[in-house]
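1. any chance you can model this:
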Amino acid sequence: MKMLFTFRPALLDSLKNYSARDFYADLPAGITVGIVALPLSMALAIASGLPPQVGLFAAVIAGLCISVFGGSKVQIGGPAGAFVPLLAPIVMKHGPEALVACALMAGVLLLVLGACQLGSLIKYIPFPVVMGFTSGIAIIIISTQIRDFFGLPEKLPSDFIGKLQTVAVNFHPNWPTVLLGTLCTLAIWHWPKKIGHRLPGSMVIVVLAGLASYLFDWPDKFGIQTLGTQFGDMPRTLPMPHWPALSFDEWRGLIPAAMTIAVLGAIESLLSAVVSDGMIDDRHNSNQELMGQGIANIAMGIFGCMPATGVIARTATNVRCGGRTPVAGIIHSLTVLVILVVAAPLAKHIPMAALSAVLIVVSLRMGEWHRFRRLNRWPRSDVAVFLCAFSLTVCIDLPTAVGASLILASALLVGRLSELTQVHADEYIAAQGADGKPVSGKLPNGVMVFRIFGAFFFGAADKLETSLRRAGELPEVLILRMGDVLALDATGLDALEDLLEKLRIKKKELILCGPRSQPLFALTRAGLIDRIGEENIRGDVDGAIERAQEILAAKQPGKK
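-> Residues are numbered from 1 along each chain as shown. Model prediction:
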């Protein structure tokens with residue numbers, strides 16, 4: 001692996017020619033995004049099974065680290081909806097400390113990936129996989145809001161199927177809560193776009209709902225749950241650093257979950273960076289972005305918070321509001337911090353149904369619902385991968401969905417590539433006449449020519465053996481035309497080695513014609529060029545036929 005460590009955050013380049021004009025553009029953008037992030041961060045923390053202040057801590061600390069150390073000029077970091085299906089089961093099964101450990105390990109992994117220049121590998125994850133689990137995540141997030149939206153008294157299982165079964169058997173909603181949640185959802189959904197960039201609907205609705213709850217005493221009169229009734233008062237200071245109190249076996253058992261968080265965080269952040277690049281006509285540094293994400297999640301682990309990543313919705317809001325440098329992201333974090341310090345005591349009056357409405361709207365907008373209408377136009381293999389990622393995300397869990405859909409996508413890709421690889425026998429060859437013009441000639445007796453098209457790899461190496469078997473007995477001289485072979489892997493090398501061995505046992509010869517650079521390098525490195533003989537490697541078919549005639553002449557009786 002090529003290791004070329006470079007560490008240059010986008011903030012350094014942005015500050016070179018930073019002016020007062022830039023600051024006046026970043027200031028309102030950062031404040032607006034901070035206001036947007038406030039209710040969303042609390043809602044995501046609650047959906048993950050954590051107290052609401054943990055989401056605010058993550059928005060402040062992770063958002064600051066991502067803006068300071070990341071590779072994108074306008075990336076906004078913090079809690080992400082994509083993490084909810086991962087984090088909630090971890091918290092329910094292992095507790096909050098396990099989630100802190102996962103954030104720490106994921107951060108180290110992201111930092112290593114960025115330092116090893118592996119940021120570009122994320123782009124090789126197939127589009128149907130990303131779209132499939134994104135839509136599945138939207139369904140999972142909506143399912144986490146069933147209890148708060150309907151005001152159900154009992155806790156629900158963490159898995160989607162378990163929630164449906166519990167609700168089907170025991171469904172006793174609090175109708176005032178349902179009415180409030182419905183009104184808040186409709187109000188946020190239909191909030192005017194013209195003022196939404198400067199005055200976010202989610203923040204306005206949450207503040208109005210909290211104010212009404214305080215003035216009319218909704219918890220006592222109607223049984224509507226608020227942050228205060230469920231979590232008590234919110235702290236007004238950031239948490240102190242501490243190390244997760246877990247045993248070695250517990251750390252080891254959390255490694256798969258941490259790896260999934262790292263991969264998902266990398267995908268989410270780099271997708272967000274790509275989207276923002278198109279909006280501001282810039283290009284981010286993917287490896288630096290991963291290192292920034294890694295530092296942010298290490299900080300999350302040290303301060304006892306939830307994993308964080310770059311978020312598309314908040315990043316897009318930042319750009320639309322005029323943000324052009326990481327300073328806007330820093331201002332966003334400071335805005336959340338100031339609101340946390342000043343207004344934390346008032347947050348206890350916010351109804352849970354209002355925060356639930358925020359997440360429901362976010363989920364409805366993040367789901368790739370229009371993709372379902374286009375499935376009949378996609379290749380069947382991509383449809384299978386999309387539905388695999390979607391259904392497994394909803395019915396089982398996200399790590400299983402990502403792993404299974406990637407395996408399925410890889411298997412289908414190998415199948416498609418192997419179909420493109422063809423092996424054909426040439427009965428006639430195009431040779432060059434005495435006048436220099438191409439002429440068609442029949443092959444000499446005892447010579448067979450096979451032409452290989454495409455990649456000669458593990459998915460298609462058996463095609464050569466199948467073609468030779470159909471041709472009957474092996475000829476005295478076998479010519480393989482490899483000018484159209486784009487790539488050769490270890491399985492292809494093994495197939496050629498077996499073929500050479502069979503020919504040598506029967507005292508027959510193999511000639512390779514026109515191999516390209518990658519197959520030639522692979523053959524040389526494997527030692528096959530020496531075994532075949534350099535004299536049996538020819539650049540064109542004319543040379544290969546000439547060499548075959550020399551071999552046949554040498555085999556004639558009485559010929560020395």
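2. who's in contact with residue 233?
-> Applying Cβ atoms under 8 Å, 6 or more residues apart in numbering, one finds that residue 233 lies in contact with 344, 345, 348. From N, CA and C alone the C-beta is placed, and that goes for glycine too.
3. that one - that's part of a strand, no?
-> No. Using DSSP: H, G, I helix; E, B strand; the rest coil, the secondary structure at residue 233 is coil, not a strand.
4. hmm, back to that, list only buried entries from the contacts of residue 233.
-> 344, 348 (16 or more other Cβ atoms under 10 Å).
5. the stretch 51-200 of the chain: helices as residue ranges?
-> For the stretch 51-200 of the chain, the helices identified by DSSP state H, counting those that start in this stretch occupy 52-69, 84-94, 96-115, 127-144, 146-150, 160-169, 175-189, 193-196, in order along the chain.
6. can I assume residue 398 is in contact with residue 264?
-> Yes. Under the criterion of Cβ atoms under 8 Å, residue 398 lies in contact with residue 264, with a separation of 7.1 Å.
7. common neighbours of these two, please.
-> For the pair residue 398 and residue 264, residues contacting each of them under the criterion Cβ under 8 Å, 6+ apart are residue 86.
8. residue 455 contacts residue 485, doesn't it?
-> Yes. Checked against Cβ under 8 Å, the pair residue 455 and residue 485 is within contact range at 7.3 Å.
9. and the helices of the stretch 51-200 of the chain as TSV, adding mean neighbour count, mean pLDDT and distance to residue 464?
-> Formatted as TSV, the entries for the helices of the stretch 51-200 of the chain read as follows, by neighbours: other Cβ atoms under 10 Å; pLDDT from 0 to 100; distance: least, Cβ to Cβ, whole Å:
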stretch	mean neighbour count	mean pLDDT	distance to residue 464
helix 52-69	27	95	51
helix 84-94	21	89	45
helix 96-115	24	94	38
helix 127-144	23	87	32
helix 146-150	21	92	58
helix 160-169	14	88	48
helix 175-189	18	95	60
helix 193-196	11	80	60
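10. could those helices be laid out in a markdown table, adding distance to residue 336?
-> Shown next, in a markdown table, are the helices of the stretch 51-200 of the chain (distance: least, Cβ to Cβ, whole Å):
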| stretch | distance to residue 336 |
| --- | --- |
| helix 52-69 | 5 |
| helix 84-94 | 19 |
| helix 96-115 | 18 |
| helix 127-144 | 21 |
| helix 146-150 | 22 |
| helix 160-169 | 30 |
| helix 175-189 | 19 |
| helix 193-196 | 19 |
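11. ok, which of those comes nearest residue 376?
-> In this view, the helices of the stretch 51-200 of the chain are compared for proximity to residue 376 by Cβ to Cβ, and helix 127-144 is the closest at 14.2 Å.
12. mind showing which ranges of the chain have poor pLDDT?
-> Counting by pLDDT under 70, the chain has low-confidence residues at 1-5, 427-441, 557-560.
13. list the buried ones in stretch 14-33?
-> The neighbour-count check on stretch 14-33 (16+ other Cβ under 10 Å) flags 14, 22, 25, 26, 27, 28, 29, 30, 31, 32, 33 as buried.
14. take these and keep only those in helices.
-> Applying DSSP state H to the buried residues of stretch 14-33, the entries found in helices are 14, 22, 25, 26, 27, 28, 29, 30, 31, 32, 33.
15. tell me the contacts of the first one?
-> Remark: with contacts taken as Cβ under 8 Å, 6+ apart, residue 14 is in contact with 73, 325, 326, 327.
16. again, only using 7 Å
-> When contacts are counted by Cβ atoms under 7 Å, 6 or more residues apart in numbering, residue 14 touches 73, 325, 326.
17. residue boundaries of the helices in the stretch 201-350 of the chain?
-> Listed in chain order (using DSSP H, counting those that start in this stretch), the helices of the stretch 201-350 of the chain are 201-216, 218-222, 227-231, 248-253, 255-280, 286-302, 312-320, 326-343.
18. relative orientation of the last one and helix 312-320 in degrees?
-> Spelled out, that is helix 326-343. Taking axes from the mean of the first three to the mean of the last three Cα atoms, to 10 degrees, one finds that helix 326-343 is oriented at 110 degrees with respect to helix 312-320.
19. who are the packing partners of helix 326-343?
-> Contacting helix 326-343 under the criterion 3 or more Cβ pairs under 7 Å, 6 or more residues apart in numbering; DSSP states H and E are the following elements: helix 10-16, helix 20-47, helix 52-69.
20. nearest to residue 383, out of the ones you listed?
-> Proximity of these to residue 383 was assessed by Cβ to Cβ; the nearest stretch is helix 20-47, lying at 29.8 Å.
21. so which elements touch the closest one?
-> helix 52-69, helix 84-94, helix 201-216, helix 312-320, helix 326-343, helix 352-366.
22. and the strand or helix carrying residue 510, which strands flank it?
-> The secondary structure element spanning residue 510 is strand 509-513 (assigned by DSSP states H and E). Next to strand 509-513 in the sheet, as set by DSSP bridges, lie strand 477-488 (parallel), strand 537-538 (parallel).
23. beyond the longest one, next helix or strand please.
-> When you say that, I think you mean strand 477-488. Next helix or strand after strand 477-488 toward the C-terminus (DSSP H and E): helix 490-505.
24. show me the contacts for the closest residue to residue 229 other than its chain neighbours.
-> Computed as Cβ to Cβ, 6 or more residues apart in numbering, the closest residue to residue 229 that is not its neighbour in sequence is residue 219, at 5.4 Å. Residue 219 sits next to 225, 226, 229 when contact means Cβ under 7 Å, 6+ apart.
25. buried residues in stretch 525-536, which are they?
-> Going by neighbour count (16+ other Cβ under 10 Å), the buried part of stretch 525-536 is 526, 528, 529, 532, 536.
26. ignore the last one, stretch 381-391
-> For stretch 381-391, the neighbour count (16+ other Cβ under 10 Å) marks 381, 382, 383, 384, 385, 386, 387, 388, 389, 390 as buried.
27. closest to residue 109 out of the strands paired with strand 509-513?
-> Scanning the strands paired with strand 509-513 with Cβ to Cβ as the criterion, the closest one proves to be strand 477-488, at 30.0 Å.
28. mind listing residues that contact the closest one?
-> Applying Cβ under 7 Å, 6+ apart, the contact partners of strand 477-488 are 446-457, 503, 508-516, 518-519, 522, 541, 544, 548, 551-552.
29. same deal with stretch 114-131?
-> Here stretch 114-131 has contacts from 1-5, 113, 266-267, 270, 286-291, 294, 368, 371, 382, 385-386, 389, 402, 405-406, 409, using Cβ under 7 Å, 6+ apart.
30. for it, how far is the first residue from the last?
-> Its start and end residues considered, stretch 114-131 measures 24 Å (Cα to Cα, to the nearest Å).
31. so the strand holding residue 510 versus helix 490-505, what angle?
-> Counting by the same axes, to 10 degrees, strand 509-513 lies at 140 degrees to helix 490-505.
32. residue 33 and residue 313 touch, don't they?
-> No. Contact criterion Cβ atoms under 7 Å: residue 33 and residue 313 do not qualify, at 9.7 Å.
33. what sits against the residue nearest to residue 458 when sequence neighbours are not counted?
-> By the measure of Cβ to Cβ, 6+ apart, the closest residue to residue 458 outside its immediate chain neighbours is residue 491, 3.6 Å from it. Taking Cβ under 7 Å, 6+ apart as the definition of contact, the neighbours of residue 491 are 457, 458, 461.
34. hmm, which of the residues you listed are the buried ones?
-> Neighbour counting by 16+ other Cβ under 10 Å classes 457, 461 among the contacts of residue 491 as buried.
35. now secondary structure and distance to residue 210 too, for the contacts of residue 491, in CSV please.
-> Formatted as CSV, these follow (DSSP: H, G, I helix; E, B strand; the rest coil; distance: Cβ to Cβ, whole Å):
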residue, secondary structure, distance to residue 210
457, coil, 61
458, coil, 61
461, coil, 66
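36. would a markdown table of the contacts of residue 491 with distance to residue 154 be doable?
-> Written out in a markdown table, the entries for the contacts of residue 491 read as follows (distance: Cβ to Cβ, whole Å):
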| residue | distance to residue 154 |
| --- | --- |
| 457 | 55 |
| 458 | 53 |
| 461 | 58 |
